[in-house]
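Chemist: 3D model of this:
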Amino acid sequence: MTTSYKPKTFSADGIIAPLRFLTFRRIWIASVLANLGALIRSVGVAWAMTQMTSSADKVALVQTALMLPVMFISMPAGAIADMHDRRIVALVSVAIAFAGASALTGLAWFDLITPNLLLALCFVVGSGMALMDPAWQSSVSEQVPLETLPAAVALNSISYNIARSVGPAIGGIVVATAGALASFALNALLYLPLIAALFLWKRVSVPSRLPPEKLSRAIVSGMRYIINSPSITIVLVRSMVMGVIGGGIIALMPLVARDLLHGGAATYGTMLSAFGLGAVVGALNITELRKRLAGEPAIRTCALSMGGAVTAVALSGAPILTAAALFLAGAAWMITWALFNIGVQLAAPRWVGGRSLAAYQAASSGGIAIGSWAWGSLADVTGVQTTLLISAALMFVTPVLGLWLPMPRISAREQEAEMLADPEVRLELSGRSGPLVVEIDYRVPGENARAFHNVMQDVQLFRQRTGAYGWSIARDIAYPELWTERYHCPTWLDYLRQRNRSTQSDRALEVQAAAFHVGPGPIRVRRMLERPFGSVRRNDDGPDRAAKELVRGQGLLGVDELAEVGRPTGKLAQKQRSP
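Modeler: Just a heads-up that it's a prediction; the model follows:
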């Protein structure tokens, strides 16, 4: 599922470079309009809730209802995005959001909206967008060249914040002049350009030679990859913490306008616009920031800036000072999420890109949803000002996380290695045959034992994140030079997927491990069926189907398979083999 691109003469670092590509430009502009409609609706929903109830808990739950679906739906949505045509997935998703927005408009027209029904329909709209996000985000690399991917990621974030810089102000005017119903209707209409842009996308789809995974297995594969990928795990933890702590300012914004600034819907819209404008400015400078600061210093700077800004919002009673503080908070908020997003996209190979982004969205949105509920509940007890001060204090403390979970240094996206030919076997197998046990024998001199063992710990991680389980490394007590790597795959088809999910850095690790082998013979690989009930004859006189129907050749790697890990140089070249 790749698209061929001809070399271009523009700078890959330019923030507008991805807009040179028609498909990306068309979808991006449509997404700005869809986000504009969503933010106009959010003003109407939040203000309608403040009119129906005085409970801070109910007001904050609006944000929770919009974000909670991302937490629950993201991983299945990511698996679906990786398994199926991402264009079709995105179209269906936007249609769900459009249906929810249309239902909200219709019920409001007949004056049938209650607080609980309002929250339920927000959940429906949020579900549609939760299903769309992994397909949309992971398809960016299919719309632009890889060298412009960081700029495209930043532009996607900008699309939301461009809308945020003007959408809330427009929403405030619409709600103040025409009521919440008009904001709901405008939201539904502005989904239509995005549906049209996705429909016009002529996606180039290259079918895999292996059948797609089932949904449950795909989710497990994605979780396994993430758990065994330290760089992605760190980003997920940091994003959830940021969502929980930083979500308070977003969730309590209506109450800031009403209780601290004593304003109405127009004031609320203006404050949201200040936040959004700051986010746009932050996103426009993300490329320059990445040149000057590594990931951890940038995240630390943003956290401290946001803590100061939230403190100012809590203590200021003047709209202009509050707007200035929200401008700074928006810039720090935007840069933080853009850095998290770029970190995940560059760390994940294409085959699991949707699921990795889904996990990131689940962590971030789940954090915001939980934080919104928690800060709303706390505001009912302590008041809005005290709640914001507590949030700011915790934000000042978050840089301490960098001591234990520093942001990974990632400069380029992991590239998939070339596909390997299926190994040859003499036993008849189906795709469901299994479990499969793989054993790889290395002969390593004693003086290299520690170095070899250290390399194999990295090998363990990449085997497990590509689908293996039960991994172990053992050393023969009678022949200490003999080491055996052992792991399982659920089925023969899972094994074929596992060996073709390696990135170029994974394949380099295989070469590094093979370089320790000194012979006398080549590295020996055994692939064994752990429960071979269907592979044996029912009786001595029965036909041996495996002998009659030779599927493939020998299960032991031969010299011709050196190309699987790349042909090394030096005297060990003829002794290295890939599993």
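
Chemist: in three-state terms, label the closest residue in space to residue 472 that isn't next to it in sequence for me.
Modeler: Excluding its sequence neighbours, the residue lying closest to residue 472 (Cβ to Cβ, 6 or more residues apart in numbering) is residue 486, at 5.1 Å. Just so you know, the C-beta spots here come from the backbone N, C-alpha and C atoms, and that holds for glycine as well. Three-state assignment for residue 486 (DSSP: H, G, I helix; E, B strand; the rest coil): strand.

Chemist: wait, doesn't residue 486 sit right on residue 469?
Modeler: No. If you go by Cβ atoms under 8 Å, residue 486 and residue 469 don't touch, sitting 11.1 Å apart.

Chemist: count of neighbours near the residue nearest to residue 472?
Modeler: Residue 486 has 16 neighbouring residues, counting by other Cβ atoms under 10 Å.

Chemist: could you give the bridge partners of it?
Modeler: Residue 486 forms beta bridges with residue 439, residue 472, as assigned by DSSP bridges.

Chemist: ok, it to residue 502 distance?
Modeler: Separation of residue 486 from residue 502 (Cβ to Cβ, to the nearest Å): 18 Å.

Chemist: try residue 435
Modeler: 20 Å.

Chemist: you'd agree residue 483 is in a helix?
Modeler: No. Secondary structure assignment (three-state DSSP) places residue 483 in strand, not in a helix.

Chemist: contact partners for it?
Modeler: 441-444, 452, 456, 473-476 (Cβ atoms under 8 Å, 6 or more residues apart in numbering).

Chemist: try 10 Å
Modeler: If you count contacts by Cβ atoms under 10 Å, 6 or more residues apart in numbering, residue 483 has them with 440-444, 449, 452-453, 456, 473-476, 513, 516-517.

Chemist: residues near the nearest residue to it once chain neighbours are set aside, how many?
Modeler: Once flanking residues are discounted, residue 483 sits nearest to residue 442: 4.6 Å by Cβ to Cβ, 6+ apart. Close neighbours of residue 442, defined as other Cβ under 10 Å, add up to 21.

Chemist: let me know the pLDDT of residue 442.
Modeler: On pLDDT, residue 442 comes in at 95.

Chemist: on that earlier part again, test my guess that the residue nearest to residue 472 contacts residue 438.
Modeler: Yes. At 7.1 Å, residue 486 counts as touching residue 438 under the criterion of Cβ atoms under 10 Å.

Chemist: need the residues touching each of the two.
Modeler: Taking Cβ under 10 Å, 6+ apart as the contact rule, residue 486 and residue 438 both touch 468, 471, 526.

Chemist: quick one, which of the residues you listed are buried?
Modeler: Neighbour counting with 16 or more other Cβ atoms under 10 Å marks 468, 471 as buried within the shared contacts of residue 486 and residue 438.

Chemist: any idea how far residue 238 lies from residue 297?
Modeler: Residue 238 is 14 Å from residue 297, by Cβ to Cβ.

Chemist: what ranges does the stretch 201-350 of the chain have for its helices?
Modeler: All helices of the stretch 201-350 of the chain, identified by DSSP state H, counting those that start in this stretch, fall at 215-227, 230-251, 253-255, 265-284, 286-292, 295-315, 319-347.

Chemist: which helices and strands sit right next to the helix or strand harbouring residue 393?
Modeler: Following DSSP states H and E, one finds residue 393 within helix 384-397. Under the contact definition 3 or more Cβ pairs under 10 Å, 6 or more residues apart in numbering; DSSP states H and E, helix 384-397 sits against helix 56-83, helix 230-251, helix 253-255, helix 295-315, helix 319-347, helix 353-382.

Chemist: save the ones you listed as JSON lines, and put in distance to residue 194 too.
Modeler: Listed next are the helices and strands packed on helix 384-397 as JSON lines, based on distance: least, Cβ to Cβ, whole Å:
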{"stretch": "helix 56-83", "distance to residue 194": "16"}
{"stretch": "helix 230-251", "distance to residue 194": "23"}
{"stretch": "helix 253-255", "distance to residue 194": "25"}
{"stretch": "helix 295-315", "distance to residue 194": "29"}
{"stretch": "helix 319-347", "distance to residue 194": "20"}
{"stretch": "helix 353-382", "distance to residue 194": "18"}
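
Chemist: include mean pLDDT and distance to residue 155 when you put these into JSON lines, please.
Modeler: Shown next, in JSON lines, are the helices and strands packed on helix 384-397 (pLDDT from 0 to 100; distance: least, Cβ to Cβ, whole Å):
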{"stretch": "helix 56-83", "mean pLDDT": "77", "distance to residue 155": "20"}
{"stretch": "helix 230-251", "mean pLDDT": "89", "distance to residue 155": "20"}
{"stretch": "helix 253-255", "mean pLDDT": "86", "distance to residue 155": "25"}
{"stretch": "helix 295-315", "mean pLDDT": "92", "distance to residue 155": "18"}
{"stretch": "helix 319-347", "mean pLDDT": "89", "distance to residue 155": "10"}
{"stretch": "helix 353-382", "mean pLDDT": "85", "distance to residue 155": "16"}
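
Chemist: can you report phi and psi for the nearest residue to residue 97 once chain neighbours are set aside?
Modeler: Nearest residue to residue 97, sequence neighbours excluded (Cβ to Cβ, 6+ apart): residue 128, at 3.1 Å. Dihedral angles of residue 128 (phi, psi; degrees, to the nearest 10) stand at phi -60, psi -40.

Chemist: residue 128 and residue 89 touch, don't they?
Modeler: No. Between residue 128 and residue 89 there is no contact under Cβ under 10 Å: 11.3 Å.

Chemist: before we move on, the earlier item: the residue nearest to residue 483 is in what secondary structure piece?
Modeler: Assigned by DSSP H and E, residue 442 falls within strand 436-443.

Chemist: extract the CA atoms of that strand and return them as CSV.
Modeler: C-alpha atoms of strand 436-443 as CSV (Å, rounded to 0.1, in the frame of the first residue of the first chain):
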residue,chain,number,x,y,z
LEU,A,436,5.3,-23.7,15.3
VAL,A,437,8.5,-23.9,17.2
VAL,A,438,11.7,-22.3,15.8
GLU,A,439,15.1,-23.2,17.1
ILE,A,440,18.3,-21.5,15.9
ASP,A,441,21.7,-22.9,16.9
TYR,A,442,24.8,-20.6,17.1
ARG,A,443,28.4,-21.6,18.0
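
Chemist: helices or strands next to that strand in the packing?
Modeler: Applying 3+ Cβ pairs under 10 Å, 6+ apart, we find strand 436-443 packed against helix 449-465, strand 469-475, strand 482-489, helix 492-499, helix 504-514, strand 524-529.

Chemist: can you lay out the shared contacts of residue 486 and residue 438 as CSV showing distance to residue 81 and pLDDT?
Modeler: Formatted as CSV, those follow (distance: Cβ to Cβ, whole Å; pLDDT from 0 to 100):
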residue, distance to residue 81, pLDDT
468, 24, 91
471, 28, 95
526, 36, 92
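
Chemist: and the shared contacts of residue 486 and residue 438, which is closest to residue 230?
Modeler: residue 471 (16.0 Å; Cβ to Cβ).

Chemist: distance of that closest one relative to residue 122?
Modeler: 44 Å.

Chemist: ok, residue 42 - contacts?
Modeler: Neighbouring residues of residue 42 by Cβ under 10 Å, 6+ apart: 62-63, 66, 122, 125, 164, 167-168, 171, 183, 187, 253-254, 272.

Chemist: and with 7 Å instead?
Modeler: Taking Cβ atoms under 7 Å, 6 or more residues apart in numbering, we find residue 42 in contact with no residue.

Chemist: just the pLDDT for it.
Modeler: Reported pLDDT for residue 42: 81.

Chemist: then residue 210?
Modeler: If you check residue 210, the pLDDT there is 69.

Chemist: got it, and the one 4 residues further on?
Modeler: Turning to residue 214, the model gives it a pLDDT of 79.

Chemist: equivalent analysis for the one 4 residues further on, please.
Modeler: As summarised for this prediction, residue 218 has a pLDDT of 84.

Chemist: going forward, count from 44.
Modeler: That works, and once the first residue is 44, the last one we named lands at residue 261.

Chemist: hang on, isn't it packed against residue 122?
Modeler: Yes. Taking Cβ atoms under 7 Å as the definition, residue 261 is a contact partner of residue 122 at 3.8 Å.

Chemist: perfect, that will be all.
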